[in-house]
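Trainee: no sequence on hand, only this structure:
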């Protein structure tokens, strides 16, 4: 570990905290339908979209119709993306003549991108045409990110409103999110990435002559526009197979730092939106503090493990930390920070290969996803996931003092607690279940490129990532098989939508309730005690669900590495 490494981590935290209230204030105005500095330019476009789509922006929806609209929206997105991939051989903007994508892979990829997972069982530069990358994948990056944000807004409205039956309009919210939040940030962001060296072109791949005289085809394409929303929307799907370790996706230390800042930007800002909408910004800062405690703990553990390296190699004098699978232009600190951020959020982009991390270093990204990705989390999904844990924490606090729990003026009753637990337990049910099935199928086991505990961790990480809508991978697993494509698609769909439905039920229930004035017996939810309680509940609930499976992989692997047994794995 180095002084410069810790400065990078500290500076990152300071910048995120500084931009949170700025973005939070702006997003609050957007979703409240108030005028912003972009309104003179964007308001006519917004009204034109409503007119074309036949939307009355004054008409709001009940939580049920809001959810149904969201689900139908995704059915349409899935079909469009699937057809684009199956028909790409005959469509334009395909200078490399990419053939139609196979059915199972098309099914998996379409489900992956509509759920904001961006799990990729393919190499983008060798599989997808420019049209599919732009109209299919980049398009869904915007819409899946917008969906996550507006669902969080709907839940926040449930807490903020009282004695009403509506939580907003899904169609209006998605339009405003895309038009006023995502596009205005992504356009200058993409231009910045072009300046840093990321290509943005529709020309065919470039042929170059190597020093040995051989001809090498260098893949290019409309990359910068996809990377901008890939990071800001916590999507994570790369234009290239090597993702953010590829020099055309992440060429410099500066581009790397700005990209990781963008991953947390909107997720952190939503905590401030929550505080503003419920009328007490301290509530938002308390939630951000919970996220911050867990984030810092993960960064310290991961950075320490990677900087320490392998004990067996250190004993041979091969010190300097674990640089396997990392880019020298980033180093151990930036790679460890990126790994923690991308799995705290449901981003899944990687600038280093998690498969090559030390066992304990690789365990931190796995834990981050298995905790529900509530440590800032994906745009929107992290916020509503955190509020589910807050509901459980308030319920626990109520049991301690023997009174009905309350949060921001709303009584938390049996329905809310049951729905919160249902949403939280979906994650371990899926990843533990599918991992068990995969371990019993010879064809699934054959896809493992590493034996023993590390191979098991590859499979566990894959299903955890897909079910958690993260998209990162240990990359030692061949996932492009019929079994992994179909089972992974199911895991991604369940992980996304089966969590959303109970969450929206909570939003609808809370919106109808009256505000309850705080009293002497009300548990304070803006102080250190509340922060500690929520952190404890997240760790305990997460630990009870994932620790048995988790212990079988990385911890056993670490012991073997220290004994000098698994040099080939790490």
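Mentor: Received it, and whenever you're ready, just let me know what you need. Because the structure is predicted, anything quoted here is derived from the model rather than measured.

Trainee: next, the distance between the ends of stretch 376-383.
Mentor: Stretch 376-383 has an end-to-end distance of 7 Å (CA to CA, to the nearest Å).

Trainee: just the buried residues of the host helix or strand of residue 264, please?
Mentor: In this structure, residue 264 sits in helix 253-277 according to DSSP states H and E. Of the residues in helix 253-277, those with enough neighbours to count as buried (16 or more other CB atoms under 10 Å) are 255-277. In short, each C-beta sits where N, CA and C put it, glycine included.

Trainee: repeat for stretch 3-16
Mentor: 5, 8, 9, 12, 16.

Trainee: in a strand, the second one, correct?
Mentor: No: remark: residue 8 does not belong to a strand; assigned using DSSP: H, G, I helix; E, B strand; the rest coil, it is helix.

Trainee: look up how far residue 260 lies from the closest residue to it other than its chain neighbours.
Mentor: Distances taken as CB to CB, 6 or more residues apart in numbering place residue 333 nearest to residue 8, at 5.5 Å, with adjacent residues excluded. The gap separating residue 333 from residue 260 is 12 Å, by CB to CB, to the nearest Å.

Trainee: which residues are in contact with residue 209?
Mentor: 215, 216 (CB atoms under 8 Å, 6 or more residues apart in numbering).

Trainee: which residue of this structure sits farthest from its center?
Mentor: In terms of distance from the mean C-alpha position of the chain, residue 213 ranks first, at 42.8 Å (CA atoms, centre = their mean).

Trainee: what's the closest non-adjacent residue to residue 387?
Mentor: residue 155 (6.0 Å).

Trainee: thought residue 505 was touching the one you found, still the case?
Mentor: No: taking CB atoms under 8 Å as the definition, residue 155 is not a contact partner of residue 505, at 10.3 Å.

Trainee: neighbour count winner among these two?
Mentor: Using other CB atoms under 10 Å as the criterion, residue 155 and residue 505 rank with residue 155 on top: 26 against 21.

Trainee: what helix or strand does that one sit in?
Mentor: Using DSSP H and E, residue 155 falls within helix 139-160.

Trainee: and for residue 293, the neighbour number?
Mentor: Look at residue 293: counted by other CB under 10 Å, it has 16 neighbours.

Trainee: sorry, wrong one. I was asking about residue 34.
Mentor: Neighbours of residue 34 (other CB under 10 Å): 9.

Trainee: which SS state does it fall under?
Mentor: Three-state call for residue 34 (three-state DSSP): coil.

Trainee: with adjacent residues omitted, what lies nearest to residue 124?
Mentor: residue 239 (5.2 Å).

Trainee: isn't the one you found right next to residue 224, touching?
Mentor: No: between residue 239 and residue 224 there is no contact under CB under 8 Å: 9.1 Å.

Trainee: can you pick out the residue with more neighbours from these two?
Mentor: More crowded of residue 239 and residue 224, by other CB under 10 Å: residue 239, with 28 against 24.

Trainee: tell me the contacts of that one?
Mentor: Residue 239 makes contact with 124, 125, 133, 221, 223, 226, 227, 248, 249 under the criterion CB under 8 Å, 6+ apart.

Trainee: which one of the residues you listed is nearest residue 362?
Mentor: Nearest to residue 362 among those: residue 249, at 21.8 Å, using CB to CB.

Trainee: tell me who's in contact with the most centrally placed residue in the chain.
Mentor: Central residue of the chain (CA atoms, centre = their mean): residue 346, 1.3 Å from the mean position. By CB under 8 Å, 6+ apart, the contact set of residue 346 is 116-117, 234, 236, 369, 373, 377-378, 381-382, 468-471.

Trainee: out of the residues you listed, which is most surrounded?
Mentor: residue 234 (38 neighbours).

Trainee: can you tell me the SS state at that one?
Mentor: Three-state call for residue 234 (three-state DSSP): coil.

Trainee: now do the contacts for it.
Mentor: The contact partners of residue 234, taken as CB under 8 Å, 6+ apart, are 116, 145, 148, 263, 266, 267, 345, 346, 347, 377, 378, 379.

Trainee: report the separation between it and residue 292.
Mentor: Taking CB to CB, one finds residue 234 at 17 Å from residue 292.

Trainee: residues near residue 384, how many?
Mentor: 27.

Trainee: give me the pLDDT value at it.
Mentor: If you check residue 384, the pLDDT there is 93.

Trainee: try the one 4 residues further on
Mentor: The predicted local confidence for residue 388 comes out at a pLDDT of 94.

Trainee: repeat that for the one 5 residues further on.
Mentor: You'll see residue 393 listed with a pLDDT of 93.

Trainee: hang on, the earlier thing: let me know the next secondary structure element after the helix or strand harbouring the residue nearest to residue 8.
Mentor: In the assignment (DSSP H and E), residue 333 maps to helix 331-344. Using DSSP H and E, the helix or strand that follows helix 331-344 in sequence is helix 359-370.

Trainee: from the chain's centre, how far out does that next one sit?
Mentor: Centroid separation for helix 359-370 versus its chain: 15 Å, with CA atoms, centre = their mean, to the nearest Å.

Trainee: angle of it against helix 331-344?
Mentor: With axes from the mean of the first three to the mean of the last three CA atoms, to 10 degrees as the basis, helix 359-370 and helix 331-344 are set at 20 degrees to each other.

Trainee: just list what helix 359-370 packs against, helices and strands only.
Mentor: When contacts are defined as 3 or more CB pairs under 8 Å, 6 or more residues apart in numbering; DSSP states H and E, helix 359-370 packs onto helix 281-308, helix 331-344, helix 414-440, helix 452-467, helix 528-550, helix 556-562.

Trainee: make CSV out of the ones you listed and add mean pLDDT.
Mentor: Putting these into CSV (pLDDT from 0 to 100) gives the following:
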stretch, mean pLDDT
helix 281-308, 95
helix 331-344, 95
helix 414-440, 89
helix 452-467, 88
helix 528-550, 79
helix 556-562, 51
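
Trainee: need those in TSV (columns: distance to residue 57).
Mentor: As requested, the helices and strands packed on helix 359-370 are exported to TSV (distance: least, CB to CB, whole Å):
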stretch	distance to residue 57
helix 281-308	26
helix 331-344	35
helix 414-440	29
helix 452-467	35
helix 528-550	36
helix 556-562	54
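
Trainee: ok, which of those comes nearest residue 190?
Mentor: Ranking the helices and strands packed on helix 359-370 by proximity to residue 190 (CB to CB) places helix 331-344 first, at 19.5 Å.

Trainee: quick one: the closest one to helix 281-308, angle?
Mentor: 140 degrees.

Trainee: tell me what helix 331-344 is packed against?
Mentor: The elements that helix 331-344 packs onto, with contact taken as 3+ CB pairs under 8 Å, 6+ apart, are helix 3-31, helix 253-277, helix 281-308, helix 359-370.

Trainee: re earlier: closest to residue 39 among the contacts of residue 234?
Mentor: residue 266 (19.8 Å).

Trainee: now do the closest one against residue 234, distance only.
Mentor: According to CB to CB, residue 266 and residue 234 sit 8 Å apart.
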